[in-house]
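# A predicted structure for the sequence below; I have some questions about it.
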2 protein chains.
Amino acid sequence: LCGFRNLEAFLLYMACNAVLAGSAAAICAYLAPAAAGSGIPEVKAYLNGVDAHSILAPSTLFVKIIGSILGVSAGFMLGKEGPMVHTGACIAAMLGQGGSRRYGLTWNWIRYFKNDLDRRDLITCGAAAGVTAAFRAPVGGVLFALEEATTWWRSALLWRTFSTTAVSAIVLRSLIEYCRSGNCGLFGKGGLIMFDVSSRVTTYTATDIAAVILLGILGGLLGALFNHFVDRILRRYGVINEKGAPYKILMTVFISLVTSCCSFGLSSLSPCVPCPPELAPGKCPTIGRNGNYKKFWCPAGHYNALASLFFNTNDDAIRNLFSGGTDSEFGVYTLLTFFIGVYTLGLITYGVAVPSGLFIPVILSGASFGRLVGKVFGSGLDTGLFAIVGAASFLGGTMRMTVSVCVILLELTNDLLLLPLIMLVLLVSKTVADCFNKGVYEQIVRMKGLPFLEVHADACMRSLVASDVLSGPVITFSSVERVGSVVNTLRRTGHNGFPVIEEEPFAPAPELCGLVLRSHLIVLLNGRTFTRAPVKTGAAEVFRKLNPFDFAKVGSSGKAMEVDELRLTEEEMDMYVDLHPITNRSPYTVVENMSLAKAAVLFRDLGLRHMCVVPRTPGRPPVLGILTRHDFMPEYIRGLFENVLRE
Amino acid sequence: LCGFRNLEAFLLYMACNAVLAGSAAAICAYLAPAAAGSGIPEVKAYLNGVDAHSILAPSTLFVKIIGSILGVSAGFMLGKEGPMVHTGACIAAMLGQGGSRRYGLTWNWIRYFKNDLDRRDLITCGAAAGVTAAFRAPVGGVLFALEEATTWWRSALLWRTFSTTAVSAIVLRSLIEYCRSGNCGLFGKGGLIMFDVSSRVTTYTATDIAAVILLGILGGLLGALFNHFVDRILRRYGVINEKGAPYKILMTVFISLVTSCCSFGLSSLSPCVPCPPELAPGKCPTIGRNGNYKKFWCPAGHYNALASLFFNTNDDAIRNLFSGGTDSEFGVYTLLTFFIGVYTLGLITYGVAVPSGLFIPVILSGASFGRLVGKVFGSGLDTGLFAIVGAASFLGGTMRMTVSVCVILLELTNDLLLLPLIMLVLLVSKTVADCFNKGVYEQIVRMKGLPFLEVHADACMRSLVASDVLSGPVITFSSVERVGSVVNTLRRTGHNGFPVIEEEPFAPAPELCGLVLRSHLIVLLNGRTFTRAPVKTGAAEVFRKLNPFDFAKVGSSGKAMEVDELRLTEEEMDMYVDLHPITNRSPYTVVENMSLAKAAVLFRDLGLRHMCVVPRTPGRPPVLGILTRHDFMPEYIRGLFENVLRE
């Protein structure tokens, strides 16, 4: 039975997968390396104020969409959900910066969004819309944005994300309605609810609750272990990926071959099982190409259980595991094999150079594990129900989301009576997993070295004061400064913010006038509103030559002017420029002996980028230094703390 | 037919209601006036940092529970949902302060919660649990806490409220399971889902969507009108209520009589309708005392449609309106009469001296209005479905909640396919209503004169600086101060925070040492760690006599020591006390020329109570004044702004 045709099929299957995987890796490695991976950690970091290189650029968007389609088609054990969140964020970023100047797509009226706050809001909405599209879960999308994506939540944002996901849900629904009439070929099967299990009776006893708690503990342990291995494997892969694009492609093809061998080989080794007699006798339902039971060279009236999981789309595999009344469909060994396979493949796949989400591997391994526990326990509950609870426990264990996972699963399964069980299992699994490590997205953010501001200030900060973290002398400008001095300072340093000091003749004694940004300085210099003597020209003079929108922040695909692009003559370099019009006159300041922990709260909660440290007593320079995000990073703080201890 | 027996019944009904209403008003007026009304505005204000008098005291809790039961039984058009939120918050407050010292219920280990942050968290969880209990909506409870209740949201809070509502939901479910077997008499009917309408098909066309948008606009208008009248009526009632407890009781009884006349009278005038033939012929189903169809002196085989709405429990009336496939049950005139009745009764009832929620009147009037619109439009959709959408539009129009209303309705009706429609109608109605006035809870907060910090700083603030709002000279203490001077200052002023100035001989020039709180000063003075000469005694000396927990904030039912209770001798008054151990050495400060709008952001986002204003230039006192919550109130700011303009 497993003769030549089988081998031929295997080789063809493997080759197709390898070609798809290779092309996904190629566009990813050559066009937009930032499109690899889930994208959720980067979006999370962006919303925290860290703009990783070209993470929201149009090229990333393009590669993310195409690469994700190729990657899923290649049969990798990866999800499309994370990439969809990233895609949503990219589209929002493009809208927010008025299209892409580089590709000639611009809308001028969107320039009003050209500030960090509105841009962050838009990207949060984009991420929420991504979740809505991925899981068809509008409320889940809002909660995901709240729980996982954003750092600064405002009540206005609730309203905005909600409107976005409402529109997404309505558009999605209309498209599904349209496709249901057969206009879209294979697309658009299923309603707004992906896995409708609402017909099931759900009364449960104390034993069931004990089983659920056990599942929560195991899910938490396995989830923490998953995070641990993801971290280790990503670090190992990082070394290979750094060698260049060809290595990335080779590794992706290699993992594709391993995946093909695994899914095909394991399915081949799995025995044939007779179809359940309560169905049409002698024939398993297969409903076109998306059927539930896969024959896989089994004789008529039989099916291959493992192939029914491996050789379905991910959605159908999840539906198979979640569906009720099918306790006998998958045996203990089938589930165990599938669980181990999915768990391992999920681990080795994340990190290859294709857009790849973590939701699908985690849900699949959680669901198979849950069904396994349900079967072994022999509880009175349906094993499909255990699969759902198992998926929740794994999601809680790896991603550490609670309310959003709960609502997403609710919207996926439409089974409100399951809610208490899902809540319970999430509570348990998150608590267990939190004892070991951080959530997988936070871990990836940290591994990528992005300066992410944590919610909780490091404990060491309580023993330090603001002046402890200042390093080196502060670079300041006078409120009316010589052009040459500004240009030279900008060339010499990479700082993005400079304190401006009001000096004689404008003030009797030096005092802090405010804070000026590098990008604003360059725009101002480019406007050439210079004077021969140091006098205040005032804002009117500046804005006669420059438009306020010139000072707006450029988008992530656009490019701000650099100081070296300014073509200033020797004569101009000797003239003076009035910095008052572009100075932020009310910067947030802290006194030098302010507790660093309290300064960190101020810095984070107000979403600052620069914070001036001022002296406690008079008779010293009016500003001692500037605190930036890097001054609050745990590694840096801990180093300082040890120095303080040593002294 | 409507003879003597009918009149007798009417009088008995009216008398019963009046007695119940009178007793509710009596306990409320004499024992705990704070228990009147919904309680949600006060909880919202508490979580914003405003501790209204005895709003979370045990007596309020007691009256809230009993009064709410009496009020609902009296047939008032009011809900139990708002009071349940308040009840949850009260229980959380009691737990958070370690029981009630006054009633001898104390747990010592809970003293660790004796700080504002943990107390606010606990009360947020309590409010969420209240919503969960009221609507059996655990996710809705979390979102309600997030959207409506809290001012400062932290991600830790999501996790905490979620755990609370999960436990509530599980306890609720167990109790319902227990009661289903008939152990609780009339209690505990229905499952975790109150109004299960999930069996309905919901495909909708463009016409339906137009009808829904129209419903949203009308709901928004009527909701805004409701808020307007609530405000007017509350102000009128306030005048009567101020005259004393007997007036409160009289007014409550009067409103009860009006309600009885209205419900009984309108029902009597309503014609008898034959039972629908598709049901058991000649007999309408009544399922015990909670039946759907009320006979109300109609001949056999007939029912009184208005009585089926007025003479059911609120839950059953809502279920009647929400249920599908019953298009013919209620006629246009029945719905119109019921809508006008409920809308008016809801308006005149809120504000009487009984615990009364707004959810039920708003949902009932919305549902009847929605059904009415559905009937008049003759849309293809079920009128029950229109009732749900109408309820959503009214909730959006009055309370201006979006995501939480959406999820609560989802959890109430278990109809996920309705979600896009509900989202759409909420978007429309909130947007329309926001053009006219604020949400009903915010309006009540403002009417009660509670100093609530708004999310958005008033526009006038941008034209003012921090020093503009300072009034009068600042009262400061020296870091080692004479006891008599501290006592006299505390007696003379009502301030709760004082800047501490480091002076000679402890510093070469006066400088800001920090901030000290009135409550801490009194505890310190009571510890009597005085010295004859002005020297630093240090923290060790103070904490040898005093326990750190002595400085913890007392609960809302406990009473902090007053300055007059200190019995200090003349000799002690001449001694010195070292304020260093209780001084907050890192108070948040702003420079005098800081924009007031930016200072307001700092004040609100960091949840401060006192903020020091420091001078910009040396050679002046080290602190110019203290900003408190009242300095950021819009009325005060606008007054100042006009002064500035006049100058």
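Thanks, I have the structure now.

# what does the stretch 351-500 of chain A put close to chain B?
Taking CB under 8 Å from any CB of the partner chain as the contact definition, the stretch 351-500 of chain A meets chain B at A:402-403, A:406-407, A:410-411, A:414, A:416-417, A:419-420, A:423-424, A:427, A:430, A:455. For the C-beta atoms, the positions are set from N, CA and C on the backbone; glycine is no exception.

# and the residues you listed, which of them are in helices?
Counted as lying in helices by DSSP state H, out of those, are A:403, A:406, A:407, A:410, A:411, A:419, A:420, A:423, A:424, A:427, A:430.

# going by neighbour count, which of the residues you listed comes out on top?
Using other CB atoms under 10 Å in any protein chain shown as the neighbour criterion, residue A:407 leads these with 28 neighbours.

# burial count for the spatially closest residue to it that is not a sequence neighbour?
With sequence-adjacent residues excluded and distances taken as CB to CB, 6 or more residues apart in numbering or on different chains, residue A:407 is closest to residue A:140, at 4.4 Å. Counted with other CB under 10 Å, the neighbours of residue A:140 add up to 27.

# and what of residue A:505?
8.

# check contacts around the residue of chain A found nearest chain B.
Per CB to the nearest CB, residue A:618 is where chain A lies closest to chain B, at 3.1 Å. Contacts for residue A:618 (CB atoms under 8 Å, 6 or more residues apart in numbering or on different chains) come out as B:509, B:618, B:619.

# between the residues you listed, which is nearest chain A?
Distance to chain A across the contacts of residue A:618 (CB to the nearest CB) is lowest for residue B:618, with 3.1 Å.

# just the pLDDT for the closest one.
The model reports residue B:618 with a pLDDT of 75.

# so for stretch A:48-63, what gets flagged as buried?
By neighbour count on 16 or more other CB atoms under 10 Å in any protein chain shown, the buried set for stretch A:48-63 is A:48-50, A:52, A:55-63.

# dump those to TSV, plus distance to residue A:610 and secondary structure.
Output for the buried residues of stretch A:48-63, formatted as TSV (distance: CB to CB, whole Å; DSSP: H, G, I helix; E, B strand; the rest coil):
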residue	distance to residue A:610	secondary structure
A:48	16	coil
A:49	12	coil
A:50	15	coil
A:52	20	coil
A:55	23	coil
A:56	23	coil
A:57	26	coil
A:58	30	helix
A:59	31	helix
A:60	28	helix
A:61	31	helix
A:62	35	helix
A:63	34	helix
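
# mind putting these in CSV, distance to residue A:441 and pLDDT included?
Listed next are these as CSV, based on distance: CB to CB, whole Å; pLDDT from 0 to 100:
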residue, distance to residue A:441, pLDDT
A:48, 11, 91
A:49, 16, 88
A:50, 13, 88
A:52, 14, 79
A:55, 14, 88
A:56, 17, 88
A:57, 21, 87
A:58, 24, 88
A:59, 23, 91
A:60, 18, 93
A:61, 20, 94
A:62, 24, 94
A:63, 21, 95
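
# now those as CSV including distance to residue B:544?
Below are those laid out as CSV (distance: CB to CB, whole Å):
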residue, distance to residue B:544
A:48, 45
A:49, 46
A:50, 48
A:52, 54
A:55, 57
A:56, 59
A:57, 64
A:58, 68
A:59, 68
A:60, 63
A:61, 66
A:62, 70
A:63, 68
